[in-house]
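# sequence plus predicted model, see below.
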Amino acid sequence: MITAVWLLAAPLAVVAFLYASVGHAGASGYIAVLALAGFPAEQIKPLALILNTLVASVGCWNFLRAAHLPWRRIWPVYLLAIPGAFLGGWLNLPSLWFRRLVGVVLLFSAWRLGRALVDPPTLREPPRLLLFAAGGSLGVLAGLTGTGGGVFLTPLLLLCRWCTTRQAAAVSVLFILFNSIAGLAGLMLARPGALLGLGRLEWLLVLIPVVLAGAIGSRLGSRHWPVAWIRRCLAVVLLLASLKLLGLAALL
């Protein structure tokens, strides 16, 4: 069992590095890797949320230390996200067609962001009521899909011109951390034995390289990589997330 789980360390670490560089934590990628590895559906969601929480934690450390979070303009997006993610984690997974619809939306977002590799010269002031609504609805969606919601929030912030690329990454990684913790709490309340049967030693061997990869990725994205590189990585992340929802939905 240890050998089999250890083989997942490399692909999961690659996912963590790529996603963390754009302020995400990799849940949709972890779900795809675990599904392809044949993990039972009831174990995939909690494992993805645990990995998400750890990688989002190091991402928050890097992006917030770099002072990219526009807290005064964006704080309402967090208010309803946490109870929304808790509710989504407690509920069952959405239907196949709903997941495919979300996948199409992410695919369109990847295309749009892949074409625009620079930040707009001016930003728009986000309406607070819209931020409240977006946070709550995306929180529910995050909990339902077993993700932190960053793949949904970041395109919204960028396409609406509410944030620069690095600001959107900082907003999203904190959003992901809150939602991952809340979603995991809701899941464990609904299914207290969700993690029973998972060995501790083998998963420790996986968590260490995944967290290290996430730390390196978020460090590069928050301080060193040009905006064009981050946007290209973001387009790839959204593409992978959309393909996961479109192509692997039947496995989950």
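Now that the structure is in, tell me what you want to look at.
# contacts for the helix or strand harbouring Arg219?
Assignment of secondary structure by DSSP states H and E places Arg219 within helix 200-219. Identification of contacts with helix 200-219 by C-beta atoms under 8 Å, 6 or more residues apart in numbering yields 1-2, 5-6, 8-10, 12-14, 16-21, 23, 25-26, 51, 54-55, 58-59, 61-63, 173. The C-beta positions use only the backbone N, C-alpha and C, and glycine is treated the same way.
# quick one: average pLDDT of it?
Throughout helix 200-219, pLDDT has a mean value of 84.
# list the buried residues in that helix.
Judged by neighbour count using 16 or more other C-beta atoms under 10 Å, the buried positions of helix 200-219 are 202-203, 206-207, 209-211, 213-219.
# which parts of the helix or strand just after it are buried?
The C-terminal neighbour of helix 200-219 among helices and strands, as given by DSSP H and E, is helix 227-247. Along helix 227-247, the positions that meet the burial threshold by neighbour count (16+ other C-beta under 10 Å) are 229-235, 237-246.
# residues contacting helix 227-247, please?
Taking contacts as C-beta under 8 Å, 6+ apart, the residues outside helix 227-247 that touch it are 18-19, 21-22, 24, 28-29, 31-32, 99-100, 102-107, 109-111, 113-114, 116-119, 145, 147, 151, 154-155, 164-166, 169, 221, 225.
# farthest pair within the buried residues of helix 200-219?
Pairwise distances among the buried residues of helix 200-219 were taken by C-beta to C-beta; the largest, 27.4 Å, belongs to Glu202 and Arg219.
# coming back round to it: now the helix holding Arg219 and helix 227-247, what's the angle there?
For helix 200-219 against helix 227-247, the angle between stretch directions is 140 degrees (axes from the mean of the first three to the mean of the last three C-alpha atoms, to 10 degrees).
# Pro70 and Arg161, how far apart?
Pro70 sits 13 Å away from Arg161 when distances are taken as C-beta to C-beta, to the nearest Å.
# cool, and Pro127?
Counting by C-beta to C-beta - Pro127 and Arg161 are separated by 13 Å.
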